[in-house]
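> the following block contains a protein sequence and its predicted model.
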Amino acid sequence: MIYSAKKITINFIIVSIIASVFSVLQFNCERSEKPEANRIIVGAVADVQTINPAFSFSILEGNLVELLFYKLIDNRWNAEKGLIEFIPMIAEKWEWNGDSSQVTFYLRNDAFWSDGKPITAEDVVFTFDVYSDPVVQSRFYGEFDILETGKDLHINSEKSFEIISPHVLKVKLKKDVVPTLLGLDVPLIPKHIWSKYDRKEIANAKENFEPVTGGAFKLVKWERESGIYLKADTSSFLFKPGSIEDLIIKVIPDYQSRITQLKKGEIDIVDGIKSEDAKELEEMDNLNIFSLGGREYDYIGWNHIDPLQFTANKKQLPNKLFSSPKVRKALTMSVNRKEILQSYIGKYGQIARGPVSPLFKVYYDSNLPLDEYNPEKARALLKEEGWFDQDNDGIIEKANTKFSFTLYTNSGNPRREYTATIIKNNLKSVGIEVKIELLETGAFIDRLLAREFDAWLSGWTIPIPANLNPYWNSDQEEGIFNFSSYSNSSVDSILKKLETKITEEKKAELYKILQSIFYKDEPVTFLFWVDNIIASNKKIENVEFTPLGYLAKAWKWKVL
């Protein structure tokens, strides 16, 4: 999402400070050692900062609020097509008008907030108004392109919604947009609670930590930095006899402790398992291993502009080392991606062709050539660009500039540290000197945002649905994550077309054109897609881990 990075800092700081003020009931996860029927314990690396859907920026927060708050419509992942599909939730059904400019939703009359009040169309309209309010700066701000908004992106509720009755709502789409339900699948919030607050005070409210919810589960208690205890709402229309009754999110910051407790059966589900641990866990009789690919990739960033000039006076002058596409292509050919993949990641990843994920099967171009490791051809390309070893010191140079640079990455990430070492050794074989510098994650991100690096090793978790604009648009406000300062007018034009009223077929065509441009330009070195490995106790059935989240549809889980 384009706006998230700017909002996380502000809202998370506020939420973190406020959270420490509220005391919560004592929560002791140790009792989990005693098995209980219909209870599942999930190991989490960190606590959530809020249980307000408006500010649920992290993946765990997003998963959690979807268990506690119904949506107007729900979604599911179609793995065959690589697309999101929409299914009923609060809206039992919907009908489009003749020209698909309006859609009428028919809401259930058996959905209630946790304080007993019914969920109505008033709550739906209020939710969208709050989420699009620039004063609130919710995680959904700026995402309602299909609705009529002002210049500040605040939804014009009068033009966009018509409440026919408490359980019938008409939604009017903006003129000339593709008819879609995308953006309408957000968690609902109770109007009778949040309308009492000035919008500026929503981020500070106690209901962020003691919420009135309305979903498949109710919040029983939340002990900061320890655990979150949920109980199934047996009166919910989503509840089915035999489904799990208790779900505990247990905070275990130490990775090895999570693995140990998983092996002992003290917790039932862990995600983010390292590939080197997966083989042992696969051999355990009590565990199932799931591998979800296509959400995260690592890459080497090459700055196309001179970072010193940019940070000093915002001038965008060509980088002496990395401004040439031919040089960047040579760099990619110089890195043995297959060696890194086979020796460290194994079967839990694949070499990346570009930034379009293989998850999106209708967009992904599997026929795109893959640059193999070829140091001989890389040396030839570098020589064509005027880079060769003039003084026989083992380092190539051009116009008295040595091809030498520092590769930055974040510390505490063994995969990236290993990868950086391979990159250094590989590039040395083509006459390029690389020094590695590890930075604390916060410092690394700060300097990356400031565009201070010539080269860096990092990664992205890609959004669903696909959205390349914030990563590759040459405009600094639109392309806030375009740290390479990559600029291609054709790419900008295509990214703009992807946001207009076009068919899925045309969209797929444009994505494939983009991939061919990226292949030619080599804006960065795309390394590999890394799977999210999840371990689940075999006692749980009906689990359906998808790219949309490992807690998705947890109300369907059962304990054998």
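Arrived safely, thanks for sending. Numbers count the residues shown, from 1 in each chain.
> low-confidence ranges in the stretch 451-560 of the chain?
Within the stretch 451-560 of the chain, no stretch has pLDDT under 70.
> strands along that one, start to end?
With strands called from DSSP state E, counting those that start in this stretch, the stretch 451-560 of the chain shows them at 455-461, 524-537, 540-541, 558-559.
> neighbouring strands for the first one, and are they parallel or not?
Spelled out, it's strand 455-461. strand 287-302 (antiparallel), strand 404-410 (parallel) (DSSP bridges).
> CA atoms only for stretch 73-81 - export them in PDB, please.
Extracted C-alpha coordinates of stretch 73-81, given in PDB (Å, rounded to 0.1, in the frame of the first residue of the first chain):
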ATOM      1  CA  ILE A  73     -17.700  -9.200   2.000                       C
ATOM      2  CA  ASP A  74     -14.900 -11.700   2.600                       C
ATOM      3  CA  ASN A  75     -12.200 -12.900   0.200                       C
ATOM      4  CA  ARG A  76     -10.400 -16.100  -0.700                       C
ATOM      5  CA  TRP A  77      -7.400 -17.000  -2.700                       C
ATOM      6  CA  ASN A  78      -7.900 -18.700  -6.100                       C
ATOM      7  CA  ALA A  79      -4.600 -20.500  -6.500                       C
ATOM      8  CA  GLU A  80      -5.400 -21.700 -10.000                       C
ATOM      9  CA  LYS A  81      -5.800 -18.200 -11.300                       C
END
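> which residues in the stretch 151-300 of the chain form helices?
Taking DSSP state H, counting those that start in this stretch as the test, the helices found in the stretch 151-300 of the chain are 157-160, 191-194, 255-264, 275-282.
> remind me what the last one packs against, helices and strands.
The contact analysis (3 or more Cβ pairs under 8 Å, 6 or more residues apart in numbering; DSSP states H and E) places helix 275-282 against helix 255-264, strand 287-302, strand 524-537. C-beta here means a position set from N, CA and C on the backbone, and glycine is covered the same way.
> deepest of those, which one?
Highest mean neighbour count among those (mean count of other Cβ atoms under 10 Å): strand 524-537, with a mean of 23.
> to the chain's geometric centre, what's the distance from it?
Averaging C-alpha positions (Cα atoms, centre = their mean, to the nearest Å) puts strand 524-537 13 Å from its chain's average.
> partners of it, with directions?
Applying DSSP bridges, strand 524-537 is found paired with strand 269-270 (antiparallel), strand 287-302 (antiparallel), strand 349-351 (antiparallel).
> and G394, which of those strands is closest to it?
Proximity to G394 (Cβ to Cβ) singles out strand 287-302 among these, at 21.3 Å.
> the inter-axis angle of that closest one versus helix 275-282?
170 degrees (axes from the mean of the first three to the mean of the last three Cα atoms, to 10 degrees).
> could you identify the helix or strand that succeeds strand 287-302?
helix 307-313 (DSSP states H and E).
> among the helices of the stretch 151-300 of the chain, which is nearest E477?
Nearest of the helices of the stretch 151-300 of the chain (Cβ to Cβ): helix 157-160, 25.5 Å.
> rewinding a little: could the strands of the stretch 451-560 of the chain go into CSV alongside distance to V335?
Formatted as CSV, these follow (distance: least, Cβ to Cβ, whole Å):
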stretch, distance to V335
strand 455-461, 11
strand 524-537, 6
strand 540-541, 40
strand 558-559, 46
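> out of the ones you listed, which is closest to F55?
For F55, the closest of the strands of the stretch 451-560 of the chain is strand 455-461, at 18.6 Å, according to Cβ to Cβ.
> and the contacts of the closest one?
Contacts to strand 455-461, defined as Cβ atoms under 8 Å, 6 or more residues apart in numbering, come from residues 59, 295-303, 322, 355, 405-410, 416, 419-420, 423, 444, 448, 471, 481, 483, 530.
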